[in-house]
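Engineer: A predicted structure for the sequence below; I have some questions about it.
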Amino acid sequence: MSMSEQKGFIGAITPFNRLNENNLEELCESLDIIYLTKGETILKSGEKPEYLYFIIKGVVQEIHQDETVSVYEQNQYFDPKSLVENNIKHDFVVIEEVICYTLPREVFLTIMYKNETLESFFFQSISKKLNSSMEHEQSKELVNFMIARVKDAYLQKPLILDANTTIFDAVNTLKDNRGSSLLVQGKDELGIVTDTDFREKIVLNRMSFDEPISKLATFGIKTVDANDFLFNAQIKMTKYGIKRLIAVEGDNIVGVLDLISLTSFFASHTYSVMMEVDNTTTVEELKAASEKFVNVIRTFYAKGVKVRYISKVISQLNDKLFAKLYDLLAPEELKKQAALIIMGSEGRGEQILRTDQDNALIISDNCTVPKAEIEKFSYDFTEHLVDMGYPRCDGNIMVSNPFWRKTTAEFEKTLCNWIESTREEDLINLAIFYDALCVAGDKYLLIRLKEHLSKTASSSKVFFTFFAKPVLNFATPLGMFSNFVVDKSKHKDELDIKKGGIFPIVHGIRALSLEKSVNKTNTVDRIKDLNDIGVIDREFAGELIESLTFLLYLRLKFRLEKIDSLQKVDNYINPDKLNMLEKDLLKDSFKIVNKLKKFITYHFDLDRLN
C-alpha cells in the first residue's frame, strides 16, 4: 500500500484517528506487512512482544487456558496491552489466513508517550474506556437552537379581561388559572398586568380592590409571531428592555412568552416543560405538555449527556405528570388514603422513551372511599395515560387491574405468597414491586410494605436463589469467538440488548440489593451502595455502571432512529450499524455482563437449581 493508503487505513481506527498528522505519518513510515497461514501462533503466552498488529484481512483468535477471550478481524489491532507491559499473557492464533501491518514496539511506545490521548486510552480499564467513549460523545455538535420557534417554548395561556374588570376579580382569575400575568383589552390596544404589578402598585398606591384593572395595566405591549424564530423574540426583549411578549398567530393571541421561559428553553427545555406540567389545570393541557418530553430527550442526547442523567430528568417529568394526573382525577378523600406507585424501569428512574405502564394503587386498610369511585378513577387514569402515549402493560400491571389495586393488608398477603413461591411469574411480580416508587399520595403505605417485604424475604433460606435465577434466563449475545450472536428471523441481524445485557445487570443488582436490604431503587445507586458495604469491589462497580450506561445509550440511540423512521420502538439494535469503537465497547460490556452472571451464580449458588 502507498503512504496515503496506510494513513487512510490506520487513521480510521480508534484511537489512532486522534493522532496529529506528524505522528500518524511517523507511525506509517515504520509499518511492515506480513502474511500468516491458518493455525499459526502469532503471539505466545509468556514471551516478549515485538509488534502491534493491524489486521488488513483475516481473523485472529485470542486464547487463555483453552478458552476464547476475544476474536480480532479486519480493521482491528492486537495486542497493545502486551506491548505496554512487555509481557504476552494470552496466545494469539490465526483461524483464517491473515494479512496485517506490524508496528515495532519501540515506535508504538514512543508515539503513545508523545500523545496524551493515546497514552490515557491504552492505560484505561474497561470502565474508564467506556466512560471515555461516552465523554467523547459530548463533543458532538450541539442542537442548533437558532431554528427553534416561539411556539416551541413554554407559552402561558392568554388570560384576557375587560378593562373594567375589578382588581379583586382579576386577582381571583389569576389565582384560579395559576398564571403570572393578565392581558387587559383596552379600546384599541392590549395591556398587561403582571403579578409584580399586583404586589407593588396596589400597595404603594393604596388602591381599592374595586378599582378597574385597567389602572394597573401597561399598554402598548409588543407582540411576536408564534412561528418566528425564538432568537428574534430574545432580540426584541433585549431591544425594548421588556420581559414579556404576546405570541400571535394571525389575529389570534396564542400565549405569553416570558423571559424565564425563553432563557430556560435555550438552557435545556426542562424548566419550561416542568413549568408547563405544573401549571396544567386539565387533562388536555397535561397531554399537550407531555408531548414535549421527547424534545427534552433529543436535546440532552444531542449534547452528549449520559443516558443515566437523561433518565433522571425524564423520570422527574414523568413523576410530575403521574402526580398531576392523579391530582386531577382522584377523589379528594382517596388522595389522603392511598399511594400511587410506579414500578419497573419507571420506579428505578431508568425509563427514557415511553414503554408500557407499570403502576399500582396501595389503599389504606381504613379507606372510606366507595369501591365504585376507586374503580372509576383507576380506569380513567389508565385510559388517559394510554391517550398520552403510555401503552397498556402486556402483563396488565396497571391500576385498572384489581390485582394491582389492593389494600395494605391484601398487598402484605400477596408479597408473602410471592416470596414463598418458586413460580417465575410470581418472582417477576415481586421484582417489579421491589422497584416501586411512590409518586402521589401517602408514601408511608409503600415504605411499610417494603419493610415487610425485606423482613419476610430475609427469613427464607431458599428465596434468594430462586429470585436471582432469572439472571441466567437469556444468553449473552456474544459467541465463542467474541462475535455478536444476532437474530436470523424476525429481527434479522439484530440482537435484543435488553435481554442480552441490560436485564442481567438490573436484575443481578436487584437480587443483591434485596438480600442486603438496600433501599435505593435506581440500579446505579444500588451498585454504589453495594460497593460501600463491600459486596462488590470498586473496580467491578465502575465496570458495571459504565457498561449499563453504554448499553442504555445504544438502546436510546436505536430507539430514536426508529422513531424518526416511523418503525416500532423495541429493544433490538443492529451491531453492523455501530462504528468500530462502539462494537469493541459493546463486546466489553457483554464481557462485564458475563462476569456478573458468574458472580451471581456463585453468590446465590444457582448451580444447585440445575
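Structural biologist: Nice, thanks for sending it over.

Engineer: how about the helices of the stretch 251-400 of the chain, start to end?
Structural biologist: Here the stretch 251-400 of the chain has its helices, by DSSP state H, counting those that start in this stretch, at 259-267, 270-278, 283-290, 293-302, 307-329, 332-337, 344-348, 371-387.

Engineer: now the last one against helix 307-329, angle please.
Structural biologist: When you say that, I think you mean helix 371-387. Helix 371-387 and helix 307-329 are oriented at 140 degrees to each other (axes from the mean of the first three to the mean of the last three Cα atoms, to 10 degrees).

Engineer: export helix 371-387 as CSV, just CAs?
Structural biologist: What follows is helix 371-387 as a C-alpha-only set of coordinates in CSV (Å, rounded to 0.1, in the frame of the first residue of the first chain):
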residue,chain,number,x,y,z
LYS,A,371,-65.0,1.0,45.7
ALA,A,372,-67.0,2.2,42.7
GLU,A,373,-65.3,5.6,42.8
ILE,A,374,-61.9,4.0,43.1
GLU,A,375,-62.6,1.7,40.2
LYS,A,376,-63.8,4.6,38.0
PHE,A,377,-60.7,6.6,38.9
SER,A,378,-58.4,3.7,38.1
TYR,A,379,-60.0,3.0,34.7
ASP,A,380,-59.8,6.7,33.8
PHE,A,381,-56.2,7.0,35.0
THR,A,382,-55.1,4.1,32.8
GLU,A,383,-57.0,5.3,29.7
HIS,A,384,-55.7,8.8,29.9
LEU,A,385,-52.1,7.5,30.2
VAL,A,386,-52.8,5.4,27.0
ASP,A,387,-54.0,8.6,25.3
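
Engineer: Give me the contact list for it.
Structural biologist: By Cβ atoms under 8 Å, 6 or more residues apart in numbering, the list of residues contacting helix 371-387 from outside reads 283, 287, 325-326, 329-331, 334, 338, 357, 361, 363, 367, 392, 398-400, 402, 405. Where C-beta positions appear, they are placed from N, C-alpha and C, glycine not excepted.

Engineer: Select only the buried ones of those in PyMOL?
Structural biologist: Remark: buried members of those, expressed as a PyMOL selection using 16 or more other Cβ atoms under 10 Å:
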select buried, resi 283+287+325+326+329+330+334+338+357+361+363+367+392+398+399+400+405
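
Engineer: Residue 92: which of the helices of the stretch 251-400 of the chain is closest?
Structural biologist: Comparing the helices of the stretch 251-400 of the chain by their distance to residue 92 (Cβ to Cβ), the top pick is helix 307-329, with 34.4 Å.

Engineer: The closest one packs against which elements?
Structural biologist: Judged by 3 or more Cβ pairs under 8 Å, 6 or more residues apart in numbering; DSSP states H and E, helix 307-329 is in contact with helix 270-278, helix 283-290, helix 293-302, strand 338-342, helix 371-387, strand 437-441, helix 538-564.

Engineer: Please render the helices of the stretch 251-400 of the chain as CSV that adds mean pLDDT and distance to residue 50 to the earlier fields.
Structural biologist: Formatted as CSV, those follow (pLDDT from 0 to 100; distance: least, Cβ to Cβ, whole Å):
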stretch, mean pLDDT, distance to residue 50
helix 259-267, 69, 54
helix 270-278, 72, 54
helix 283-290, 88, 61
helix 293-302, 74, 44
helix 307-329, 85, 41
helix 332-337, 93, 73
helix 344-348, 88, 49
helix 371-387, 94, 63
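
Engineer: Show me the strands in the stretch 351-500 of the chain, by range?
Structural biologist: For the stretch 351-500 of the chain, applying DSSP state E, counting those that start in this stretch gives strands covering 359-363, 405-407, 437-441, 495-496.

Engineer: Just checking: what are the partner strands of the first one?
Structural biologist: In the sheet containing strand 359-363, its partner strands are strand 338-342 (antiparallel), strand 405-407 (parallel), by DSSP bridges.

Engineer: Make JSON lines out of those and add distance to residue 4 and mean pLDDT.
Structural biologist: Shown next, in JSON lines, are the strands paired with strand 359-363 (distance: least, Cβ to Cβ, whole Å; pLDDT from 0 to 100):
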{"stretch": "strand 338-342", "distance to residue 4": "57", "mean pLDDT": "96"}
{"stretch": "strand 405-407", "distance to residue 4": "69", "mean pLDDT": "95"}
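
Engineer: and residue 480, which of these is closest to it?
Structural biologist: Residue 480 sits nearest to strand 338-342 of all those, at 40.5 Å, using Cβ to Cβ.

Engineer: hmm, back to that, now, of the strands of the stretch 351-500 of the chain, which is deepest in the fold?
Structural biologist: strand 359-363 (a mean of 26; mean count of other Cβ atoms under 10 Å).

Engineer: ok, and the closest non-adjacent residue to residue 59?
Structural biologist: Spatially, and ignoring its direct neighbours in sequence, residue 59 is nearest to residue 96 (4.1 Å; Cβ to Cβ, 6 or more residues apart in numbering).

Engineer: And residue 351, by the same measure?
Structural biologist: Spatial nearest neighbour of residue 351, excluding adjacent residues (Cβ to Cβ, 6+ apart): residue 345 at 4.0 Å.

Engineer: Give me the neighbour count for that neighbour.
Structural biologist: 21 (other Cβ atoms under 10 Å).

Engineer: ok, it touching residue 356?
Structural biologist: No - counting by Cβ atoms under 8 Å, residue 345 does not reach residue 356; the two are 9.8 Å apart.

Engineer: State the distance from residue 437 to residue 450.
Structural biologist: Residue 437 is 10 Å from residue 450, where distance means Cβ to Cβ, to the nearest Å.

Engineer: For the chain, give me the ranges with low pLDDT.
Structural biologist: 1, 67, 69, 123-148, 238, 263-272, 302-305, 481, 610 (pLDDT under 70).

Engineer: okay, now the domains of it?
Structural biologist: 3-123, 147-267, 461-610 (automatic domain parsing).

Engineer: out of those, deepest packed?
Structural biologist: Burial among the domains of the chain, expressed as mean neighbours by mean count of other Cβ under 10 Å, is greatest for domain 461-610, which shows a mean of 18.

Engineer: Now do the same for residue 93: helix, strand or coil?
Structural biologist: Following DSSP: H, G, I helix; E, B strand; the rest coil, residue 93 is assigned to strand.

Engineer: can you tell me which residues contact the residue nearest to residue 59?
Structural biologist: Residue 96 sits next to 38, 58-59 when contact means Cβ under 8 Å, 6+ apart.

Engineer: For these, please prepare TSV with the additional fields secondary structure and distance to residue 473.
Structural biologist: Below are those laid out as TSV (DSSP: H, G, I helix; E, B strand; the rest coil; distance: Cβ to Cβ, whole Å):
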residue	secondary structure	distance to residue 473
38	coil	37
58	strand	36
59	strand	31
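
Engineer: if we can go back for a sec, of all the helices of the stretch 251-400 of the chain, which lies closest to residue 166?
Structural biologist: Closest to residue 166 of those, according to Cβ to Cβ: helix 283-290, at 27.2 Å.

Engineer: what does that closest one rub up against?
Structural biologist: Against helix 283-290 from outside (Cβ under 8 Å, 6+ apart): 157, 273, 276-277, 279-280, 321, 324-325, 328-329, 384, 387-389.

Engineer: Run the chain-centre distance for it.
Structural biologist: Relative to the mean C-alpha coordinate of its chain, helix 283-290 is positioned 22 Å out (Cα atoms, centre = their mean, to the nearest Å).
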